[in-house]
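[1] return a 3D structure for these sequence lines:
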Amino acid sequence: MGFFSRLFGGQNDGQPKNDKADAGEEPGMLRTVRNGGYDRTQTLLAVDALNRELMMLTEVKEARENGRIMAVPPRQTFNMPNKVGKGGFSEEDVEKYLAYLTDKLEEMRRELGE
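    Residues are numbered from 1 along each chain as shown. Model (predicted):
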């Protein structure tokens, strides 16, 4: 099978393409849509807030593994982005990605005993 077939979703060596979102892994990308969708700026701010919290929790976990005591930061809040009439991010993509990040945060907080 050629390079372009694999790149654009063809089968790879007779094996079906794995969909990362279905496998519980990180969703692929946030696609824009012509009509509707979530506001792009607000979406990116929400993703940034969740990633920042995830990074802080990762630092706490690494510090504890190295024998240092570090407090778990408080939960951050974020607002779902507003819907727009044109040129937003796909609602399905945004909802999957934000759900993935919040699940990761909850898993990390459980590991830290919170």
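
[2] can you give me the helices in this structure?
    If DSSP state H is used as the criterion, the helices of the chain fall at 3-7, 40-65, 91-111.

[3] the longest one to helix 91-111, inter-axis angle?
    Using axes from the mean of the first three to the mean of the last three Cα atoms, to 10 degrees, the direction of helix 40-65 lies 20 degrees away from that of helix 91-111.

[4] now do the buried residues in helix 40-65.
    Neighbour-count burial for helix 40-65, counted by 16 or more other Cβ atoms under 10 Å, picks out 40, 42-43, 46-47, 50, 53-54, 56-57, 60. Just so you know, the C-beta spots here come from the backbone N, C-alpha and C atoms, and that holds for glycine as well.

[5] and for stretch 86-101?
    88-90, 93-94, 96-98, 100-101.

[6] which residues touch it?
    Contacting residues not belonging to stretch 86-101 are listed as 21, 26-27, 29-40, 43, 46-47, 50-51, 54, 80-81, 83 [Cβ atoms under 8 Å, 6 or more residues apart in numbering].
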